[in-house]
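Colleague: Predicted model, plus sequence, below.
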Protein chains: 2
Amino acid sequence: MSTISKENYLKTIFNNSIDSGSNATATKLANDLSVSTAAITDMAKKLSEEGLVTYEKYRGMELTSSGEKAALKIIRRHRLWELFLKEVLEMSWSEVHDEAEKLEHHTSEFLIDKIDMYLNYPDFDPHGHPIPRKNGTIPKTPNVMPLSQGEKGMFCEFVRVNDKDSELIDYLAKVGFILNSKFEVVDKLAFDKSLSIKFNNKILSLSKKITESIFIRLVKN
Amino acid sequence: MSTISKENYLKTIFNNSIDSGSNATATKLANDLSVSTAAITDMAKKLSEEGLVTYEKYRGMELTSSGEKAALKIIRRHRLWELFLKEVLEMSWSEVHDEAEKLEHHTSEFLIDKIDMYLNYPDFDPHGHPIPRKNGTIPKTPNVMPLSQGEKGMFCEFVRVNDKDSELIDYLAKVGFILNSKFEVVDKLAFDKSLSIKFNNKILSLSKKITESIFIRLVKN
DNA sequence: GAATAAAGTTAAGCTTGCTTAAATAAAAAA
DNA sequence: TTTTTTATTTAAGCAAGCTTAACTTTATTC
């Protein structure tokens, strides 16, 4: 049986394997889901009994194809809700994540398809993440890299931001640095790994922690 | 602490006291909520400890003013979602109830106010029920009576329908008998208490059970 | 490779919101 | 008023999803 809790586990396991390229570790999942590692072990057994993950003691979990399918369904709901709340109901960039986090578990396939249609089958959510399609495919994403890997002189486009830290997103919106902004890296300090970027003729200095949450693609001059 | 279950109890207690004029009985609540009467007694204790209802053994429950306030908040969410799903996302009259039933528990006050604004602060939901306002007041409703009390020769307007029976609502929509339709009662059979009504030059025969779910107001010829 | 640290697992127990079955109170009928 | 029926409550127990504490396995360091 699918429950809210299980949906959240599947989603988190999926995102972890995307980020790390390997199996999701119990400690990381426990941290992301704000539960104890004991809870992770508990759920690992249940999900594996249902055939949604493969699980071997001390070896972490991995989504099966049916687990991945289930994860993508939830992620699709989340990202479509985020875009709908922002575009239609004019909620701000930073507010939509938490609201979508709740709605995603209580939306029928019928309704989410209506929302998809209303938005004209969009490919990306307000933070630049691809929206899984009804058929399970995922829109092709540009080659992105964290801004922290940027170097002086690079010309870039801001294409994605982690959606969980609403304070950061609020700050970026306030200073006018929004998705799809084009900019140049004008400085990089070895001292604290902070970057200075230039966009709209403004100079903005961003700490290492911030540049790790911002993803960019290179553009020709 | 407010939970989904408690919100559903409060809503159901509220609707019951509106319908019956007196305290909600355990049997009726158990039936409406699809739980055992033992569960009702259980929850009665919890809600009463939280000051949301007054409860005396064997005497049923009654909402306190803070309980009523909480109930109206949920009902407001439910009815605004129903209207939004119908008007904006073009879901049908009969589909919106079940979907709203889930969304109502997962919608922040901020979001529901956005929806309210988007719909231009409406007074009634798609089934003719008044939508409680943010300040807790309820739009004035016309004097309604069940169609089952109609008599031959009356001129009426269809102003409300119970929203729970989606099959009935689908049927009414199919035959074109929708909210705000004007009609005349042209016959009433003593045999089975069924009514014949005339609207748009069509004659429609409705069983007693159906006429009990439809609410009307009298109009001058 | 042994010692230590870190990560993961097991066991026991908690809360919520239910259930069924038995007991009791209230209401209706005789 | 007594009996019978109906409504309500109590008691014991269950499943889900957690917790903490103790323990075991794996990884790291010297």
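Modeller: Cool, got the structure.
Colleague: going forward, measure contacts between C-alpha atoms and count neighbours the same way
Modeller: Noted.
Colleague: what residues does chain A put near chain B?
Modeller: A:89, A:99, A:102-103, A:106-108, A:114-115, A:118 (CA under 8 Å from any CA of the partner chain).
Colleague: The closest residue to A:T64 other than its chain neighbours: neighbouring residues, count only.
Modeller: Distance criterion CA to CA, 6 or more residues apart in numbering or on different chains; nearest residue to A:T64, sequence neighbours excluded, is A:V53 at 4.9 Å. If you count neighbours by other CA atoms under 10 Å in any protein chain shown, A:V53 ends up with 23.
Colleague: Tell me the secondary structure at A:E7.
Modeller: State at A:E7, reduced to three classes by DSSP: H, G, I helix; E, B strand; the rest coil: helix.
Colleague: actually A:N120, sorry about that
Modeller: A:N120 - assigned by three-state DSSP - is coil.
Colleague: Which positions in chain A make contact with DNA strand D?
Modeller: A:3-6, A:34-39, A:42-43, A:58 (CA under 7 Å from any atom of the strand).
Colleague: repeat that for 10 Å
Modeller: By the rule CA under 10 Å from any atom of the strand, the part of chain A lying against DNA strand D is A:1-9, A:30-31, A:33-43, A:46-47, A:56-59.
Colleague: Next, check the residues of chain A next to chain B against the helices and list the overlap.
Modeller: Under the assignment DSSP state H, the residues of chain A next to chain B contribute A:99, A:102-103, A:114-115, A:118 to helices.
Colleague: picking that back up, for ChimeraX, write the selection for the buried entries among the residues of chain A next to chain B.
Modeller: Buried subset of those, written as a ChimeraX selection, criterion 16 or more other CA atoms under 10 Å in any protein chain shown:
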select /A:89,99,102,103,106,107,114,115
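Colleague: Could you dump the residues of chain A next to chain B into TSV and include pLDDT and distance to A:I203?
Modeller: Below are the residues of chain A next to chain B laid out as TSV (pLDDT from 0 to 100; distance: CA to CA, whole Å):
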residue	pLDDT	distance to A:I203
A:L89	97	32
A:E99	96	33
A:K102	97	37
A:L103	98	38
A:H106	97	43
A:T107	97	43
A:S108	96	45
A:K114	97	42
A:I115	98	38
A:Y118	98	38
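Colleague: quick check, nearest of the residues of chain A next to chain B to A:N200?
Modeller: A:L89 (28.1 Å; CA to CA).
Colleague: Just the CA coordinates for stretch A:69-78, please, in CSV.
Modeller: Written as CSV, here are the backbone C-alpha positions of stretch A:69-78 (Å, rounded to 0.1, in the frame of the first residue of the first chain):
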residue,chain,number,x,y,z
LYS,A,69,8.1,4.8,-11.7
ALA,A,70,6.4,5.5,-8.4
ALA,A,71,9.0,8.1,-7.4
LEU,A,72,8.6,9.9,-10.8
LYS,A,73,4.8,10.0,-10.3
ILE,A,74,5.3,11.9,-7.0
ILE,A,75,8.0,14.2,-8.4
ARG,A,76,5.8,15.0,-11.4
ARG,A,77,3.0,16.0,-9.0
HIS,A,78,5.4,18.1,-6.9
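Colleague: Identify the residues contacting it?
Modeller: Contact with stretch A:69-78 is made by A:7, A:10-11, A:14, A:100-101, A:103-105, A:107, A:112, A:131-134, A:136, as judged by CA atoms under 8 Å, 6 or more residues apart in numbering or on different chains.
Colleague: doesn't A:T27 make contact with A:T41?
Modeller: No: under the contact definition of CA atoms under 8 Å, A:T41 does not touch A:T27, with a separation of 10.4 Å.
Colleague: all strands for chain A, in order.
Modeller: Using DSSP state E, the strands of chain A run over A:53-55, A:61-63, A:145-146, A:155-161, A:182-188, A:195-199, A:202-206, A:214-218.
Colleague: among those, which is the most enclosed?
Modeller: strand A:61-63 (a mean of 24; mean count of other CA atoms under 10 Å in any protein chain shown).
Colleague: List only buried entries from the residues of chain A next to DNA strand D.
Modeller: A:6-9, A:30, A:33, A:37, A:40-41, A:46-47.
Colleague: what two of those have the greatest distance between them?
Modeller: A:E7 and A:T37 (17.5 Å).
Colleague: Cool, thanks, talk later.
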